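Chemist: Generate coordinates for the sequence data below:
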Amino acid sequence: MTATPIRAVIFDLDGVLVDSFAVMKEAFAAAYAEVVGPGPAPFAEYSRHLGRYFPDIMTIMGLPQEMLEPFVRESQRLAHRVPLFDGVPQLLAGLHERGVRLAVATGKSGERARSLLGGLGVLDRFQAVIGSDEVARPKPAPDIVHRALEVLDADARDAVMVGDAWIDLASAQRAGVRAVAAMWAAVDVEALMARSPDAVLHHPWQMLELFAPPVSAG
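Modeler: You can find the predicted model right below:
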């Protein structure tokens with residue numbers, strides 16, 4: 001990581017802030033059974049595209065777009081089972097103490113992401129929570145990162161993006177933002193490292209090591 005001060009941090013959501021993998025797998029299986037029919041749901045293939053907008057994944061996989069409605073329904077029904085990763089509340093508090101502005105840029109819809117973070121009690125930590133349905137082109141295009149920078153009133157040179165998928169890092173790099181690989185979830189290490197991230201973190205609390213300690217009020 002370069003010595004340029006970091007004034008803004010943009011997070012991916014799933015696999016970075018929240019551990020949603022099990023719920024996502026269950027919702028995908030239910031949607032597949034409802035729309036496609038019996039048989040094993042191809043979740044392993046689906047998981048290779050995580051970070052993308054769900055309709056885009058359906059197009060890539062050749063699956064019906066009608067899977068979106070039951071997938072969202074089941075995801076919302078099971079949302080109470082999605083926790084924050086250990087260390088994330090402390091990370092967000094530490095960044096707040098340091099005066100860092102925060103945003104979320106996610107493959108989910110904006111409404112679903114805000115609802116999930118609200119239920120977890122951390123929505124107010126973010127100046128912006130932006131979904132793939134709220135930009136012209138989702139990741140790996142840079143649009144969602146550009147939008148986050150705009151809302152945060154931050155320059156790309158002063159920002160980083162934290163993601164657990166290669167498309168998060170690609171989106172960041174195409175926007176001129178430093179890319180940080182989050183390795184605390186189940187990630188494709190080879191794909192992440194192929195993007196040459198500026199930093200690699202194995203625990204959320206390590207993010208605070210990139211910053212100076214908060215200034216004491218005394």
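Chemist: hey, let's count contacts and neighbours off CA atoms from now on
Modeler: Will do.
Chemist: I'd like to know how far L92 sits from W205.
Modeler: 9 Å (Cα to Cα, to the nearest Å).
Chemist: who's more crowded, the two?
Modeler: Using other Cα atoms under 10 Å as the criterion, L92 and W205 rank with L92 on top: 21 against 16.
Chemist: In space, what's closest to that one - neighbours in sequence excluded?
Modeler: Spatial nearest neighbour of L92, excluding adjacent residues (Cα to Cα, 6 or more residues apart in numbering): R125 at 6.9 Å.
Chemist: who touches that neighbour in this structure?
Modeler: 92, 96, 102 (Cα atoms under 8 Å, 6 or more residues apart in numbering).
Chemist: Likewise for F71?
Modeler: Counting by Cα under 8 Å, 6+ apart, F71 has contacts 27-28, 30-31.
Chemist: can I get those in CSV with distance to Q173, neighbour count and pLDDT?
Modeler: Converted to CSV, the contacts of F71 look like this (distance: Cα to Cα, whole Å; neighbours: other Cα atoms under 10 Å; pLDDT from 0 to 100):
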residue, distance to Q173, neighbour count, pLDDT
A27, 31, 21, 97
F28, 30, 23, 97
A30, 35, 20, 97
A31, 33, 23, 98
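Chemist: could I get those as TSV with secondary structure and distance to G119?
Modeler: Output for those, formatted as TSV (DSSP: H, G, I helix; E, B strand; the rest coil; distance: Cα to Cα, whole Å):
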residue	secondary structure	distance to G119
A27	helix	18
F28	helix	21
A30	helix	23
A31	helix	23
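Chemist: what number of residues lie near V9?
Modeler: Look at V9: counted by other Cα under 10 Å, it has 25 neighbours.
Chemist: on contacts alone, who are the packing partners of the strand or helix carrying S171?
Modeler: In the assignment (DSSP states H and E), S171 maps to helix 166-174. Judged by 3 or more Cα pairs under 8 Å, 6 or more residues apart in numbering; DSSP states H and E, helix 166-174 is in contact with helix 143-152, strand 159-163, strand 178-182, helix 189-194.
Chemist: Now do the buried residues in it.
Modeler: Within helix 166-174, the residues that count as buried by 16 or more other Cα atoms under 10 Å are 166-173.
Chemist: In TSV: those residues, plus distance to D86.
Modeler: What follows is these, written out as TSV (distance: Cα to Cα, whole Å):
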residue	distance to D86
W166	23
I167	24
D168	21
L169	22
A170	26
S171	26
A172	25
Q173	27
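Chemist: between the residues you listed, which is closest to L117?
Modeler: D168 (19.1 Å; Cα to Cα).
Chemist: who touches the closest one in this structure?
Modeler: Contacts of D168 (Cα under 8 Å, 6+ apart): 12, 51, 139-140, 161-162.
Chemist: correct me, but D12 touches V160?
Modeler: No - using Cα atoms under 8 Å, D12 is not in contact with V160, being 11.2 Å away.
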